[in-house]
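Peer 1: how would this look folded up:
(chains A and B)
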Amino acid sequence: MTSLPPLVAIVGPTASGKSSLGIFLAKEFSGEVMACDSTQLYRGFDVGTAKPSAQQRQEVPHHLLDVLEPTEASTAGGYRERALAVLADLRARQCLPILTVGTGLYLRALLEGLADLPQRSEEIRERLRVSAAQHGAGHLHEMLKHLDPRAATQIAAADEQKLIRAIEICLLSGKPLSEVHRTGRKPLTGWRILKLGLEPPREALYQRIQERTESMLRAGWLDEVRRLLAGGFRDNAKAFGFIGYGELRSHLRGELTLDAARAAIQQGTRQYAKRQLTWFRREANVHWLPGFGDDSHIQTAAREWLRSQTV
RNA sequence: GGACGGGUGGGUGAGUGGCUAAAACCAGCAGACUGUAAAUCUGCCGCUCCUUGCGGGCUACGAAGGUUCGAAUCCUUCCCCGUCCA
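Peer 2: Numbers count the residues shown, from 1 in each chain, chains lettered A, B, ... in the order given. Model (predicted):
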């Protein structure tokens, strides 16, 4: 009854095997993989972001990897634009898009659209930050209360990052945030969205994170960091905030033992996986599979489900 | 053998007679999140009962006794750990 071409989105926590499942499904259904991950966008950050290998990328075309320099900032809006371009291309070639989704916000931005919000302004942010530092805690929240009382009730007084964004929008648009939020949101149309979720048992997932960290280190993660540091861009390059990169840099500087760095990475990754699960649980219409994406039973189940959806 | 210092909830660690189921931080769990999202923030966090209440009961600050209306906090003995002296 619907003739719209399907679009598959695989959601799941880090280390749940989204890439493997994506490649498997791409082969089965002659599709191509689109990463939906804020970190894999960055060139040069490969091992630590668990980017698909060169070989995997040869087997199946991958999109939205390696499109940013470490010093560039990725944003949900930017991702959406790039993704729309890729989708147009895949549609023209009648390829099945398969998104491997680590970054829930980016998927939502793509599927549901973003409101017509002004982009960030570093000048305003700087001013707000200075003002916050001068006036102390609670100041930004008070400010937002004046600009948009409704929005203020939804953002915690301590959440400086979100407060700044909200105030920024009010100032730039001249309207309250809660009003602007309701305008201009354009959901993705022309595709039939099929969402698959990977949710392995928590203990197994944590075990896998443990092991994957080890194997990333064996695979030359440290050398990668060394190379990036030699690249000489500024310390505050956003990508160095990704899990592990900061820790390994500290280790290379002799501030952290490798054991401590490894433990911190594993812990940070577990916490990240948890947050991803919290986000994805709210996602509507996800067909959940209770295991890892590289498990053949799960792959079969995914394939059968997709078949049943795309007859 | 002697002299000090110390043993607190999963961890670090505050607390020297009642306001203490015990600060703070970490870990853990749950949650929020429309342009930094691998980010940022929130709640819960001994066990248990129900009529879910700033409710009740039980257990808890190395162990055992004691003082006191009341002890993690004072006293005694014992057991551990650290440093120093022999």
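Peer 1: close to RNA strand B: what parts of the stretch 151-300 of chain A are there?
Peer 2: Applying CB under 7 Å from any atom of the strand, we find that the stretch 151-300 of chain A lies next to RNA strand B at A:154, A:156, A:158-162, A:164-165, A:169, A:181-182, A:185, A:202, A:238, A:241-244, A:267-272, A:274-279, A:281-282. In short, each C-beta sits where N, CA and C put it, glycine included.
Peer 1: out of those residues, which are inside helices?
Peer 2: A:154, A:160-162, A:164-165, A:169, A:202, A:267-272, A:274-279, A:281-282 (DSSP state H).
Peer 1: how near is the residue in the stretch 51-200 of chain A that RNA strand B sits nearest to to residue A:241?
Peer 2: Closest to RNA strand B within the stretch 51-200 of chain A is residue A:77: 1.9 Å, counting by CB to the nearest atom of the strand. Residue A:77 sits 19 Å away from residue A:241, going by CB to CB, to the nearest Å.
Peer 1: these two - which one has more neighbours?
Peer 2: residue A:77 (15 against 10; other CB atoms under 10 Å).
Peer 1: hmm, residue A:118 and that one touching each other?
Peer 2: No. Between residue A:77 and residue A:118 there is no contact under CB atoms under 8 Å: 10.5 Å.
Peer 1: any weak-confidence spans in chain A?
Peer 2: The model of chain A has pLDDT under 70 over residues A:1-2, A:233-236.
Peer 1: need the helices for it, in chain order.
Peer 2: Under DSSP H, chain A gives helices at A:18-28, A:54-59, A:76-92, A:104-112, A:122-135, A:139-147, A:149-154, A:160-173, A:177-180, A:202-218, A:221-230, A:245-252, A:258-282, A:296-309.
Peer 1: not counting sequence-adjacent ones, nearest residue to the residue sitting nearest the centre point of chain A?
Peer 2: With distances taken as CA atoms, centre = their mean, the residue of chain A nearest its centroid is residue A:103 (2.2 Å). Residue nearest to residue A:103 in three dimensions, not counting chain neighbours: residue A:38, with 4.5 Å by CB to CB, 6 or more residues apart in numbering.
Peer 1: burial count for the one you found?
Peer 2: Neighbours around residue A:38, by other CB under 10 Å: 21.
Peer 1: returning to that earlier point: burial-wise, tell me which of the helices of chain A comes out on top.
Peer 2: helix A:18-28 (a mean of 22; mean count of other CB atoms under 10 Å).
Peer 1: ok, residues contacting it?
Peer 2: Outside helix A:18-28, the residues within contact range by CB atoms under 8 Å, 6 or more residues apart in numbering are A:8, A:10-12, A:31-33, A:50, A:52, A:56, A:59-60, A:96, A:98-102, A:196, A:198, A:292-294, A:298-299, A:302-303, A:306.
Peer 1: try 7 Å this time
Peer 2: Identification of contacts with helix A:18-28 by CB atoms under 7 Å, 6 or more residues apart in numbering yields A:8, A:10, A:12, A:31-33, A:52, A:56, A:59-60, A:98, A:100, A:102, A:198, A:293-294, A:299, A:302-303, A:306.
Peer 1: got it, and stretch A:105-121?
Peer 2: A:9, A:36, A:38, A:76-77, A:79-80, A:83, A:99, A:101, A:168-169, A:172-173, A:180-181, A:183-188, A:193.
Peer 1: next one: stretch A:126-146
Peer 2: By CB under 7 Å, 6+ apart, stretch A:126-146 touches A:151, A:152, A:155, A:157, A:160, A:163, A:164, A:166, A:167.
Peer 1: wait, the first one sits on residue A:175?
Peer 2: Think residue A:151. No. Residue A:151 is not in contact with residue A:175 according to CB atoms under 7 Å; the separation is 10.9 Å.
Peer 1: many thanks, have a good one.
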